[in-house]
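**Q** whatever this is, show me its structure:
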Amino acid sequence: MDYYFDFYFWNFNSEIFIYDNKRICSKLYVFFKTIGLIFYVSSLPTCNDNKYYIGMIVAMFLSLINSMRYEYAHFKLYGTIFSSINEFEEWKNGLYPRSRILFSMVELVIKIVYFYRIFPPVCVFNNLCEIGESIFKIHIMIILMIYIIVGICSIFLLCSIHTIDSTNRGQLISSPYLISVSNNQNEECCICMDIGETNSWSMLACGHKFHKDCVLPWIQANHTCPICRIRIS
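**A** A predicted model of the protein is given here:
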C-alpha cells in the first residue's frame, strides 16, 4: 500500500532515477476519508451532546489536510529526475512524513476512547444523528478489526522469521557458504591460532579458511567472516 511506502524507478545506467509513483492507494485513501468527513460533518453535529463529535471531526479534518498536503507535494513531483536517491530522501524528509503517523494516532486514540465509552455499540437509524452515530460505530469496529488482524499477522510473521533464522543457524554446516577443504600450506587458523591438521578445515565464500570447529560458533554469533567481515547468511 503506497500510503506507507514509496517506490522509485531506478535508472541503472546512470546515477539518476525518475520518481514514477502514482500513489493510487494514497489518493483513494484521501478520497474516501473526504467523503466520510463530509458525512460526519452533516450528521453528527445535529446530536444534542455533540462536543465530543466536534472534537473528533476537527481531528479528522486536520489529519485529512495533512494527508492532502503530502499527496499534493508528491503529485507535483511526479516525473521529476533526481541526481541521486539521497536527494529525493532529503526532499521527502522536508515534508515531515512522520506527521501523518502522529495525526493518525491522535485520531485513532479519540475513536478508541469513544468506542470504550459506548461499548457495547448499539446501532439505531431513526434520525440523522443516530444514523451518523451508527455509521461511526461501524467505522470504528472495522478499523479495530483491521488493526487486530494486522497485529496478529505481524506477530505470526515475526515468529516465523525467528524460527527460520534459528533453523538456518543450526544448518550452517551444510550451507554452501562453508566448504570443506584441505590445508596443504600449513596455514594458521586465525581464530584458535593453531596450524595443526587435527581439525578439519572449511573455506567461506570469500576464500578465507578456518578450522570448522572454530568458524561455526563464530558465524552463528556474528554472521560475518572473521577476517574480511563479509556477511554470511
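**Q** a helix runs through residue 202, doesn't it?
**A** No: assigned with DSSP: H, G, I helix; E, B strand; the rest coil, residue 202 falls outside any helix and is strand.
**Q** need the helices for the chain, in chain order.
**A** With DSSP state H as the criterion, the chain has helices at 24-43, 51-77, 85-93, 98-118, 128-170, 212-222.
**Q** to residue 231, which of those helices lies closest?
**A** Closest to residue 231 of these, according to CB to CB: helix 212-222, at 9.8 Å. Bear in mind the C-beta positions are built from the backbone N, C-alpha and C, glycine included.
**Q** does residue 22 touch residue 74 like I think?
**A** No: using CB atoms under 8 Å, residue 22 is not in contact with residue 74; the gap is 9.3 Å.
**Q** about what we covered before: can you put the helices of the chain in JSON lines and add mean neighbour count, distance to residue 191 and mean pLDDT?
**A** As requested, these are exported to JSON lines (neighbours: other CB atoms under 10 Å; distance: least, CB to CB, whole Å; pLDDT from 0 to 100):
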{"stretch": "helix 24-43", "mean neighbour count": "15", "distance to residue 191": "50", "mean pLDDT": "90"}
{"stretch": "helix 51-77", "mean neighbour count": "15", "distance to residue 191": "51", "mean pLDDT": "88"}
{"stretch": "helix 85-93", "mean neighbour count": "13", "distance to residue 191": "38", "mean pLDDT": "82"}
{"stretch": "helix 98-118", "mean neighbour count": "14", "distance to residue 191": "44", "mean pLDDT": "84"}
{"stretch": "helix 128-170", "mean neighbour count": "13", "distance to residue 191": "18", "mean pLDDT": "80"}
{"stretch": "helix 212-222", "mean neighbour count": "16", "distance to residue 191": "4", "mean pLDDT": "81"}
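**Q** could those helices be laid out in a markdown table, adding distance to residue 187?
**A** Below are those laid out as a markdown table (distance: least, CB to CB, whole Å):
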| stretch | distance to residue 187 |
| --- | --- |
| helix 24-43 | 56 |
| helix 51-77 | 56 |
| helix 85-93 | 42 |
| helix 98-118 | 52 |
| helix 128-170 | 26 |
| helix 212-222 | 13 |
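**Q** out of everything not next to it in sequence, what's closest to residue 54?
**A** residue 45 (6.5 Å; CB to CB, 6 or more residues apart in numbering).
**Q** quickly list the domain ranges of the chain.
**A** What automatic domain parsing lists as the domains of the chain is 9-150, 173-222.
**Q** could I get those as JSON lines with distance to residue 232?
**A** Shown next, in JSON lines, are the domains of the chain (distance: least, CB to CB, whole Å):
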{"stretch": "domain 9-150", "distance to residue 232": "27"}
{"stretch": "domain 173-222", "distance to residue 232": "5"}
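**Q** can you check which of the ones you listed gets nearest to residue 158?
**A** Of the domains of the chain, nearest to residue 158 by CB to CB is domain 9-150, at 12.4 Å.
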